[in-house]
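>>> Give me a 3D structure for the following:
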Amino acid sequence: MSYKIIQKMPTVERIIARHPLSQKGEAQVLQDRKEVGAILSGEDKRLLFIAGPCSAWPSEAVLTFAERLKKLSDEVKDSIKIVMRVYIQKPRTIRGWLGPVNQPDPFESPDIAKGAEYCRDMMVKIIEMGLPIADEALFTHNAKGFAELLSWMAIGARSVEDQEHRIFASAADCPVGMKNATSGSIEIAVNGIVAAQHPHHTTFDGNQIETTGNPFAHLVLRGGFRGSNYDPAHVHKAGALFEKHKVKNPAIIIDASHDNCKVDGVKVSGRQSEVVRESLAFMQADAEYRRLVKGFMIESFLKEGSQKLESTTPETIDRGGLSITDPCLGWESTENIIREVAAARGL
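The predicted structure follows:
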């Protein structure tokens, strides 16, 4: 292999010791995972609602968002289970900023040692507020120190066909959402779900292991190159594939962002609210849609929209909760759509 050593990484144990999760926090994560699984299985009739920034940066704004989301979560908890997106690693179509775990300051050189501490500290603080958190499993080698904090995990559209990510999902202790591929293929994602629900042999920490299989691996519909896929026809298609492959706990989360919120090929953050509203209407009119769809995901932050990350002009960046990656709903729109879902679920 061709590479150069940049720095020695601190051990995971050292990072955890510097940013420990309290016993109360550990118990909360276990309870949150149980509740999310119960929603996916249909035992808990609430809806799951995953909300938060496209990228969890900067931490000060992320924590402010978490404080607001926690207050809202307490108000709607009888009808909605809120999980906060704390996405610390970002897939890129070609190249670009890979998230705070790789580069905690996007205007300085990548520093994964600092990034690991930056992200663990932020995640622990949010959990200690009383909020469950979610992240995407992009760099599986970074899992230790983070995976035990998660109540929900995503396998992204670019990773869902990858064998390593499928095996990783099979070993995960929390429910895992498998996104449809960027092409829009639902079949690829369902194949990933089937793989994740079964055990596999692999190596981990110097041992050959057998994963247990994840009974709460489920589908996330996020649209594709050909357009959106949150309509009843796509949901019914997914349901037929679930039945064909005997998927356990068949469940779908509607990702209202990404290709589901594009207008004329351009992502429009405000369109996310309309996607959720339309999905609620489908749920009310269609029993199969209502049976399979267990919740929603949105990308949202303190401020509406996004800004370009210009490495040469860091002084111009708004650090007050405006996304530096994909455009997000602002706080007011986030609160409004969550309250709408809670009201509809209460009928």
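
>>> where do the strands sit along the stretch 1-150 of the chain?
Using DSSP state E, counting those that start in this stretch, the strands found in the stretch 1-150 of the chain span residues 47-52, 80-85, 133-136.

>>> Select, out of those, the one closest to residue 249.
Each of the strands of the stretch 1-150 of the chain has some distance to residue 249 by CB to CB; the shortest is strand 47-52, at 12.7 Å. All C-beta spots, glycine's among them, are computed from the backbone N, C-alpha and C.

>>> quick one: average pLDDT of the closest one?
For strand 47-52, the mean per-residue pLDDT is 99.

>>> ok, back up a step: could you export the strands of the stretch 1-150 of the chain as a markdown table, including distance to residue 109 and mean neighbour count?
A markdown table is the format used below for those (distance: least, CB to CB, whole Å; neighbours: other CB atoms under 10 Å):
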| stretch | distance to residue 109 | mean neighbour count |
| --- | --- | --- |
| strand 47-52 | 27 | 26 |
| strand 80-85 | 26 | 25 |
| strand 133-136 | 23 | 25 |
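
>>> Compare the ones you listed and give me the one nearest residue 8.
Per CB to CB, nearest to residue 8 of the strands of the stretch 1-150 of the chain: strand 133-136, 25.1 Å.

>>> Can you list the strands that that closest one pairs with?
strand 80-85 (parallel), strand 152-155 (parallel) (DSSP bridges).

>>> where in the stretch 201-347 of the chain is pLDDT low?
Within the stretch 201-347 of the chain, the stretches with pLDDT under 70 are 311-312, 346-347.

>>> Please enumerate the helices of it.
232-244, 271-285, 287-292, 331-345 (DSSP state H, counting those that start in this stretch).

>>> Can you check which of the ones you listed gets nearest to residue 58?
helix 331-345 (15.9 Å).

>>> ok, and for the closest one, which residues are buried?
Using 16 or more other CB atoms under 10 Å as the test for burial, helix 331-345 gives 331, 333-335, 337-338, 341-342, 344-345.

>>> what do you get for stretch 110-121?
Buried residues in stretch 110-121, counting neighbours by 16+ other CB under 10 Å, are found at 111-112, 114-120.

>>> Now do it: distance to the chain's middle.
The chain centroid and the centroid of stretch 110-121 are separated by 19 Å under CA atoms, centre = their mean, to the nearest Å.

>>> hmm, who's touching that stretch?
Outside stretch 110-121, the residues that touch it by CB atoms under 8 Å, 6 or more residues apart in numbering are 7, 9-10, 15-16, 18-19, 56, 59, 88, 98, 100-105, 142, 145-146, 149.

>>> Using a markdown table, lay out the strands paired with strand 133-136 together with mean pLDDT.
As requested, the strands paired with strand 133-136 are arranged in a markdown table below (pLDDT from 0 to 100):
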| stretch | mean pLDDT |
| --- | --- |
| strand 80-85 | 99 |
| strand 152-155 | 98 |
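
>>> Figure out which of those strands is closest to residue 194.
For residue 194, the closest of the strands paired with strand 133-136 is strand 152-155, at 13.0 Å, according to CB to CB.

>>> Using a markdown table, please lay out the buried residues of helix 331-345 together with distance to residue 322.
Formatted as a markdown table, the buried residues of helix 331-345 follow (distance: CB to CB, whole Å):
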| residue | distance to residue 322 |
| --- | --- |
| 331 | 11 |
| 333 | 14 |
| 334 | 14 |
| 335 | 17 |
| 337 | 19 |
| 338 | 20 |
| 341 | 24 |
| 342 | 26 |
| 344 | 29 |
| 345 | 30 |
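
>>> and which of those residues is nearest to residue 2?
residue 334 (45.0 Å).

>>> Next, the contact list for that closest one, please.
Counting by CB under 8 Å, 6+ apart, residue 334 touches 51, 69, 298, 300.

>>> low-scoring stretches of the stretch 1-150 of the chain, by residue?
For the stretch 1-150 of the chain, the stretches flagged by pLDDT under 70 are 93-95.

>>> before we move on, back to that, quick one: the helices of the stretch 201-347 of the chain as TSV, columns for distance to residue 219 too.
Shown next, in TSV, are the helices of the stretch 201-347 of the chain (distance: least, CB to CB, whole Å):
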stretch	distance to residue 219
helix 232-244	6
helix 271-285	14
helix 287-292	9
helix 331-345	19
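
>>> Cool, thanks, signing off.
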